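*Asks:* Based on what follows, work out the 3D shape:
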Amino acid sequence: MIKQALDYDVTSWFIIRLKMDYTVKQLADLAGVSVRTLHYYDQLGLLKPESYSASGYRRYSEASVVRLQQIMFFRELDFSLEEIKKMCPNRTSTCLKR
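*Replies:* Alright, predicted model coming up:
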């Protein structure tokens, strides 16, 4: 019954979207920041890659996109990176989670 009610195009896109991962360049382009910025956030422990490819390249997930969006939001409000790191204590959680 449920399978008949789901739109195939919507659900297939959703599944593909959940499995999407990004290279550092793709994420930088998506967010409008430099690759160097993402490397720096990695160095600080603010935005760590979810994994590394067999070649050693950083790979970021959808969760990383959300976290970067939060980091950029707080930067826009003039929070320092150190303050943001305190508000976002680990790389898998969202910032200021209640």
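*Asks:* Which residue, other than its chain neighbours, is closest to the most centrally placed residue in the chain?
*Replies:* Against the mean C-alpha coordinate of the chain, by Cα atoms, centre = their mean, the closest residue is residue 64 at 1.4 Å. Distances taken as Cβ to Cβ, 6 or more residues apart in numbering place residue 50 nearest to residue 64, at 6.0 Å, with adjacent residues excluded. Just so you know, the C-beta spots here come from the backbone N, C-alpha and C atoms, and that holds for glycine as well.
*Asks:* try residue 74
*Replies:* residue 84 (4.7 Å).
*Asks:* now residue 72
*Replies:* Nearest non-adjacent residue to residue 72 (Cβ to Cβ, 6+ apart): residue 31, at 6.6 Å.
*Asks:* Show me where this structure dips below the pLDDT cut-off.
*Replies:* Within the chain, the segments meeting pLDDT under 70 span 1-19, 90-94, 96-98.
*Asks:* Mind jotting down where the strands sit in it?
*Replies:* 22-23, 51-52, 58-60 (DSSP state E).
*Asks:* Kindly reformat these as a markdown table containing distance to residue 36.
*Replies:* Shown next, in a markdown table, are these (distance: least, Cβ to Cβ, whole Å):
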| stretch | distance to residue 36 |
| --- | --- |
| strand 22-23 | 14 |
| strand 51-52 | 18 |
| strand 58-60 | 13 |
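*Asks:* out of these, which comes closest to residue 42?
*Replies:* strand 58-60 (7.0 Å; Cβ to Cβ).
*Asks:* So which residues make contact with the closest one?
*Replies:* Here strand 58-60 makes contact (Cβ atoms under 8 Å, 6 or more residues apart in numbering) with 21-24, 26-27, 38, 42, 47, 49-53, 68.
*Asks:* Which members of those residues are the farthest-apart pair?
*Replies:* Top of the distance list for those (Cβ to Cβ): 53 and 68, 19.0 Å.
*Asks:* So for the two, which sits in the more crowded spot?
*Replies:* It is residue 68, of residue 53 and residue 68, that has more neighbours when counted by other Cβ atoms under 10 Å, with 22 against 11.
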